[in-house]
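> Here you go, sequence then predicted model.
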Amino acid sequence: MKMKKILISLSLLTFIALSIIGCEDYTDLTAPSIDLGSANFSRFVSIGNSLTMGEQSASVFQSGQNYSFGNIIARQVGTTYAQATFSDPGTGGRLEISKFNIVYGNPVPVIYTNPNTGSPTNLTYPAPYNNLGIKGAFLYDVLNATSATTCYTANFGVPNPLFDVVLRGLGTQLELAIAQQPTLITLWIGNNDILAFATRGGLFPPTSVSNFQSQYTQLLTALHSTGAQIIIGNLPNALLFPYFNTVGPQVGLAIQGIPSAQGLVYQTTGAPGIAIATATDLINKNVFITLSGSSAASLIGDTNGLYYSTNGIPVPPGVNTAFPFGLTPENPFPNGLVLDPAEIAAYLALRDGYNQIISGLAAQFDYYVINWDNLFNSLASSNGLVVNGVSYDANYISGNFFSLDGIHPTSQGYGIIANEFIEGVNSKYGSSIPAVDVSTIPSSLIFEGTMPMGKYGLPQIPDGALDNILF
Amino acid sequence: MILGLCPGIIMAGGFQINEHGARAMGLGGAFTAIANDASAIYWNNAGMTQLSGTNFMLGTALIAPSSEFRGVTPAVNKNYMQSDIFFPSHFFITHSINESFALGIGITTPFGLGTEWRAGWVGRYLALKTKLTTFWVPVTAAYQLLDNLSIGASFVYSFADVSITQNSSQAPFEGDAYVDLEGSDHSAFGYTVGIMYKPIEILSIGASFRSEISYDFEGTATTTGAEQLMEIGALPNGDITAELTTPMNIVGGIAIQVIPELLLSADFQWIGWSSYDTLAIDFVDESAEDVASPRLYKDTYIIRFGAQYNISKSVALLGGIYYDQMPVEPAYVNPSLPDTDRLGLSIGAEAKITEQFGISGSYLFIRGSQLEVTDSQEIYTTGNSAFNGTYNSSANLLSLSLNYYLQ
């Protein structure tokens, strides 16, 4: 009898145990596959400059390059995409936020230039990089440059070592693109051909429209022969970027508070040699002061020649530093830090010329062109842009789109740019590649170091930190 | 605590813990109409009149939960909850003053929560480490009105601690800040009442009511992040208050002595989870932004069945099964409390070692049904991206109680 009870009990226990094991309630999940339509990402190559390389805050560094638009696209598609990466803090001169000063109740960042550089981390990659973006590349370089000493800026005494790192002596950007037998190319080049003119206050000669025409024709003809699908980015209006819009309006407000001042007195390239930008001109952005000029702008009114002495620049002939800096014809604000109405007009006309060439050739070869005006006009509008619930606009730092150099995007900004390319591929090649959720991309304005603050609540950018700013 | 009482993990729907005695756990918690050991103080205090002399019960449960989140949709990356073991414990004493009147006191943990996800995981802005501990100290009296009818009532003193940690974004600046919220309330009160009726010898009917308890947590928020942001007071710090009301429970049960060897029981437990509407953290400093996230819990229920089979006069086997309905809409499921419908299956045994001393042990396996969230209202980025994905959870529990009887 007792034995029987135990047997019954044991079978009950077994039943319960089996029920427990049997109630497996776990299913395998698979990520949805991506419909590529006719788009072919099997050999995906990008040609371009720093915007393609993934520069942020004036440096090219690995944690930023991880969010180069090409790398983001490659992740969305699931294809390989090798890059010439640099360990943090990257290629040098990275801008970082050292602290905030509270000016009239608002936090104003103080910017610090990281004195360290990283080193290349992918030099032994056994094939040309998929990402052939090179910081500082001009259109000329894609066709001709094979090294630091043969690049375009070498002609101006600035050899660019990044050409050696990315190209590794194997050929030009164009040759390395063709060598990979690319199936899909993003092409975004020509920005520097005009940007250098603008960032240097009109002092750097832009590429002529006729040279641009012949070089872009040569480039697109060569790429066309590969049979690859090509998505082209045209040239955005950089004058909408914080690099040009941050300092001027604040200086305008400051000058309004100086009763004796007529306006900002600055040097011009040609005659008459001196011009005045009124406070209204600066506030309304008829005249730009570049972000590079933020430190100099803090010295407006100085009568000790501090701008020249702190930067080790010889006082130019005809300048008398005993007069208030930037407020008098005797001691004008430097030409290279100001983009005046004539220079603005010249920039806009050139950009129109280049973009017409790009769209004309693209139409001829039947390639999709991203017109960046849609994106950047939205960013610069008073409402800005909301993507995945995150607000972006063209303001420096608070706008969330541009990095600390005021020109290159943040990681999330590159996400938005990647989505423009993805949209281009989808509409041209019938694919349904999902846009990246930019709110999942980490914020990338970097903290570090210490620096003193300046007047007027201006962001304090070290002199010279942005001297070589290029796309 | 001297008893080594520790916080519990989510065990039942919401953050209720239903393990208060190995015998009750072995019976799948269908114990309201039985309530014939010292844990009656919790389950149905009217049952105390069945006990004679003085009864001590000391025990603990060992809870090993596991949860996993796959997502965020369309990704199917696996994120595992940190494995952790919890020991919610219980101690009860009952004493018969005379044949019809009994007093009791105890301590147990009816609500608790302990979840921890890995640092840096995708849901870190929603939850990193969440811990809620409540203790109930019921002071109980039971009275036998008629031979077959008893009633009981408890006054419950309760204290509770809560701590919530999560990351918050420093956007547009790099990096995450680390937010640590701590609070406690050491004086909260509630009550329970119970009734037990035996219309015929082999049938017992019981009902129990356990009240809501409202906690007013007071504590501090500590946020650490980039030095540059802390310097200018951009990260929230300071005194905080938060309110939490644990739900009322109304339970009805029935038990039948089918044959002398076999006792069957069933409970229907209704839980007023709609008391948990919003998780709100208020900063005492008016300039700091308060935090509120909707939970919108709804009332729910658990159905329980238990069986006891007596092998001999001193040894019995226990078995139970229950179904526990989740109290929250999938859209509001937060990884700090990965809720789902649950099925519990238990087995156990108890033995009388001597006339005075008994021991009971039980094992409970809880399988949470796979929960696929497609319309999440939980935002896991600095934007508006929904925390959609698939949750799986299960738990293994062991419980051991020692009973000591003094004539």
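Structure's in. What do you need?
> how far away is the residue nearest the centre of chain B from residue B:116?
With distances taken as Cα atoms, centre = their mean, residue B:17 lies nearest the centre of chain B, 1.9 Å away. Distance of residue B:17 to residue B:116, given as Cβ to Cβ, to the nearest Å: 17 Å. Where you see a C-beta, it was placed from the backbone N, CA and C, and this is true even at glycine.
> I'd like to know how many residues surround residue A:67.
Residue A:67 has 25 neighbours, counted by other Cβ atoms under 10 Å in any protein chain shown.
> mind listing what the closest residue to it other than its chain neighbours touches?
Nearest non-adjacent residue to residue A:67, counting by Cβ to Cβ, 6 or more residues apart in numbering or on different chains: residue A:411, 3.8 Å away. Shown in contact with residue A:411 (Cβ atoms under 8 Å, 6 or more residues apart in numbering or on different chains): A:56, A:64, A:66-67, A:441-444.
> Kindly report the same for residue A:286.
A:277, A:280, A:341, A:344.
> where's it, which helix or strand?
For residue A:286, there is no host helix or strand (DSSP states H and E).
> who does residue B:209 bridge with?
As for beta bridges, residue B:209 partners with residue B:193, residue B:250 under DSSP bridges.
> Correct me if wrong: it contacts residue B:154.
No. If you go by Cβ atoms under 8 Å, residue B:209 and residue B:154 don't touch, sitting 10.3 Å apart.
> Between these two, which has more neighbouring residues?
residue B:154 (27 against 17).
> Return the residues in contact with the more buried one.
Contacts for residue B:154 were tallied using Cβ under 8 Å, 6+ apart; they are B:41, B:45, B:104, B:138-141, B:191-193.
> In the stretch 201-350 of chain A, what residue lies closest to chain B?
With Cβ to the nearest Cβ, the shortest gap between the stretch 201-350 of chain A and chain B falls at residue A:242, namely 12.2 Å.
> for stretch B:103-119, how far is the first residue from the last?
48 Å (Cα to Cα, to the nearest Å).
> For that stretch, give the mean pLDDT please.
Summarised as a single mean, pLDDT over stretch B:103-119 is 94.
> Mind checking if it is in reach of chain A?
No. Using Cβ under 8 Å from any Cβ of the partner chain, stretch B:103-119 stays clear of chain A, coming no nearer than 14.7 Å.
> residue ranges of the strands in the stretch 251-400 of chain B, please?
B:262-271, B:278-283, B:291-294, B:300-310, B:315-324, B:342-352, B:357-368, B:371-373, B:389-406 (DSSP state E, counting those that start in this stretch).
> Turn these into CSV, including distance to chain A.
Converted to CSV, these look like this (distance: least, Cβ to the nearest Cβ, whole Å):
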stretch, distance to chain A
strand B:262-271, 10
strand B:278-283, 20
strand B:291-294, 16
strand B:300-310, 6
strand B:315-324, 5
strand B:342-352, 5
strand B:357-368, 5
strand B:371-373, 9
strand B:389-406, 5
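> Which one (most neighbours) among the contacts of residue A:411?
When neighbours are counted by other Cβ under 10 Å, residue A:56 leads these with 30 neighbours.
> Could you give the number of residues near whichever residue of the stretch 1-150 of chain B sits closest to chain A?
Nearest to chain A in the stretch 1-150 of chain B, going by Cβ to the nearest Cβ, is residue B:76, at a distance of 4.3 Å. Applying other Cβ under 10 Å, we find 15 residues neighbouring residue B:76.
> got it, and residue B:406?
Residue B:406: 10 neighbours (other Cβ under 10 Å).
> can you pull the pLDDT of the nearest residue to it once chain neighbours are set aside?
Spatial nearest neighbour of residue B:406, excluding adjacent residues (Cβ to Cβ, 6+ apart): residue B:54 at 4.2 Å. Listed pLDDT for residue B:54 reads 97.
> Show me the shaky parts of chain A.
Counting by pLDDT under 70, chain A contains low-confidence ranges at A:1-25, A:449-471.
> for it, what's the longest helix?
helix A:341-365 (DSSP state H).
> Centre of the chain to that helix, how far?
20 Å (Cα atoms, centre = their mean, to the nearest Å).
> Could you list every helix and strand in contact with the helix or strand following that helix?
Following helix A:341-365 in sequence order, the next helix or strand is strand A:368-370 (DSSP H and E). Judged by 3 or more Cβ pairs under 8 Å, 6 or more residues apart in numbering or on different chains; DSSP states H and E, strand A:368-370 is in contact with strand A:229-233, helix A:341-365, helix A:411-429.
> Now do the contacts for residue 164.
All of this refers to chain A. Residue A:164 neighbours (Cβ under 8 Å, 6+ apart): A:147-148.
> Let me rephrase: I mean chain B.
Applying Cβ under 8 Å, 6+ apart, one finds that residue B:164 lies in contact with B:127, B:129-131, B:179-181, B:281, B:336.
> follow-up on the earlier one: neighbours of the residue nearest to residue B:406, how many?
Neighbours around residue B:54, by other Cβ under 10 Å: 17.
> ok, now which ones touch it?
Contacts of residue B:54 by Cβ under 8 Å, 6+ apart are B:93-96, B:405-406.
> Quick check: PyMOL command selecting the buried ones in the residues you listed.
To isolate the buried members of the contacts of residue B:54 in PyMOL, using 16 or more other Cβ atoms under 10 Å in any protein chain shown:
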select buried, chain B and resi 93+94+95+96+405
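> Closest one to residue B:286 out of the contacts of residue B:54, please.
Using Cβ to Cβ, residue B:93 comes nearest to residue B:286 of these, at 47.7 Å.
> Low-confidence regions, the stretch 201-350 of chain B specifically.
For the stretch 201-350 of chain B, no range has pLDDT under 70.
> quick one: the helices in the stretch 251-400 of chain A?
A:279-283, A:294-298, A:306-311, A:341-365, A:373-380 (DSSP state H, counting those that start in this stretch).
> Residues contacting the fourth one, please?
Counting contacts by Cβ under 8 Å, 6+ apart, the residues outside helix A:341-365 that touch it are A:190, A:193-194, A:197-198, A:201-202, A:206, A:209, A:212-213, A:216-217, A:220, A:224, A:230, A:232, A:234-235, A:237-239, A:268-269, A:286-288, A:339, A:368-369, A:371.
> who touches both of residue B:209 and residue B:154?
With Cβ under 8 Å, 6+ apart as the test, residue B:209 and residue B:154 both reach B:192-193.
> Now, of the contacts of helix A:341-365, which are buried?
Among the contacts of helix A:341-365, those that count as buried by neighbour count (16+ other Cβ under 10 Å) are A:190, A:193-194, A:197-198, A:201-202, A:206, A:212-213, A:216, A:220, A:230, A:232, A:234-235, A:237-239, A:268, A:287-288, A:339, A:368-369, A:371.
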